[in-house]
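Chemist: Dropping a prediction and its sequence here:
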Amino acid sequence: MSTASSQTITKSGATVVITHRVSEDKQAQYEEWLKEIGPIAKASEGLLDLHVVRPVRGLTDTYSIMIRYDSEHNLRRWMESDIRNRLIAKVQGLLIGKDEYRIQSGLDFWFMPEGAKAKIPVRWKQFLITWSAIYPLVLGVPFALIPLLRWLHLPESRYLDVLIATAVIVFLMVYVVMPRYTRLVRNWLFK
C-alpha cells in the first residue's frame with residue numbers, strides 16, 4: 001500500500017514528506033479526499049503542523065504534504081494506522097503511482113536522492129550547498145523583482161517586498177534550484 005524510506009530521527013520531533021502525483025482531471029476529487037483525511041490527521045496524537053503544497057497548474061502534478069509531529073513514535077503511529085491505510089486505499093485510484101513518503105529531520109529532504117536508501121550527506125556539506133544556492137538568489141531575486149513590483153503598481157513597502165521576494169526565493173529553492181543542484185554535485189555530497 002505504501003512505500004517508506006526513513007532516516008534515524010531525533011527524539012524531539014519528526015517530519016514526514018508525503019508525495020502524491022495526481023493528474024489534473026482528478027485534482028478536484030483529490031481535494032475532496034484531502035478535506036476528509038485532513039481533520040483526521042490533525043486529530044492524531046502529537047501532530048504539530050500540517051501543510052499541503054499544491055501543484056502549480058501547467059508545471060507540476062505533484063502534491064507535497066508535510067506533517068510535523070512531536071515524536072517519531074507518534075508520527076509512525078499515524079503513518080501506519082488502519083484509518084490512514086483505509087484512506088490511502090480509497091484515494092489510490094486517483095494517484096499516478098503509489099503513496100510515497102519519507103520521514104526525516106531538518107532540511108534533509110533536499111539532500112535525499114530519489115529512492116532515498118542512500119545516506120544523508122554530512123551537515124557541513126548541506127550547509128555549504130544550501131548557502132551557495134541561497135546567496136545568488138538573495139542577491140538576484142530582489143534586484144529583478146522589485147522593479148517588476150513597481151511596474152505592477154504595488155505599493156512600495158519593505159515588508160511586502162521582502163514577503164514576495166522570500167516567497168519567490170523559497171519556491172525557486174524547492175522546485176527549481178535544489179533538485180538540480182544536488183543532482184549536479186551528488187558525487188561530492190555523498191563521498
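Modeler: All right, it came through fine.

Chemist: Quick one: list the elements packing against the host helix or strand of Asp161.
Modeler: Using DSSP states H and E, Asp161 falls within helix 158-171. Applying 3 or more Cβ pairs under 8 Å, 6 or more residues apart in numbering; DSSP states H and E, one finds that helix 158-171 contacts helix 123-151. All C-beta atoms are positioned from the backbone trio N, CA, C, and that covers glycine.

Chemist: Pull out the buried positions in the helix it packs on.
Modeler: Across helix 123-151, burial judged by 16 or more other Cβ atoms under 10 Å covers Lys125, Gln126, Ile129, Thr130, Ala133, Ile134, Leu137, Val141, Pro142, Leu145, Leu149.

Chemist: thinking again about what came up before, now the helix holding Asp161 and helix 123-151, what's the angle there?
Modeler: 130 degrees (axes from the mean of the first three to the mean of the last three Cα atoms, to 10 degrees).

Chemist: Can I get helix 158-171 in PDB? Just the C-alpha atoms.
Modeler: C-alpha atoms of helix 158-171 as PDB (Å, rounded to 0.1, in the frame of the first residue of the first chain):
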ATOM      1  CA  ARG A 158       9.800  47.000   2.600                       C
ATOM      2  CA  TYR A 159       7.700  44.300   4.300                       C
ATOM      3  CA  LEU A 160       5.600  43.500   1.200                       C
ATOM      4  CA  ASP A 161       8.800  43.400  -1.000                       C
ATOM      5  CA  VAL A 162      10.500  41.100   1.400                       C
ATOM      6  CA  LEU A 163       7.400  38.900   1.700                       C
ATOM      7  CA  ILE A 164       7.100  38.400  -2.000                       C
ATOM      8  CA  ALA A 165      10.900  38.100  -2.600                       C
ATOM      9  CA  THR A 166      11.300  35.400   0.000                       C
ATOM     10  CA  ALA A 167       8.300  33.500  -1.400                       C
ATOM     11  CA  VAL A 168       9.900  33.500  -4.800                       C
ATOM     12  CA  ILE A 169      13.300  32.500  -3.400                       C
ATOM     13  CA  VAL A 170      11.800  29.600  -1.400                       C
ATOM     14  CA  PHE A 171       9.800  28.500  -4.500                       C
END
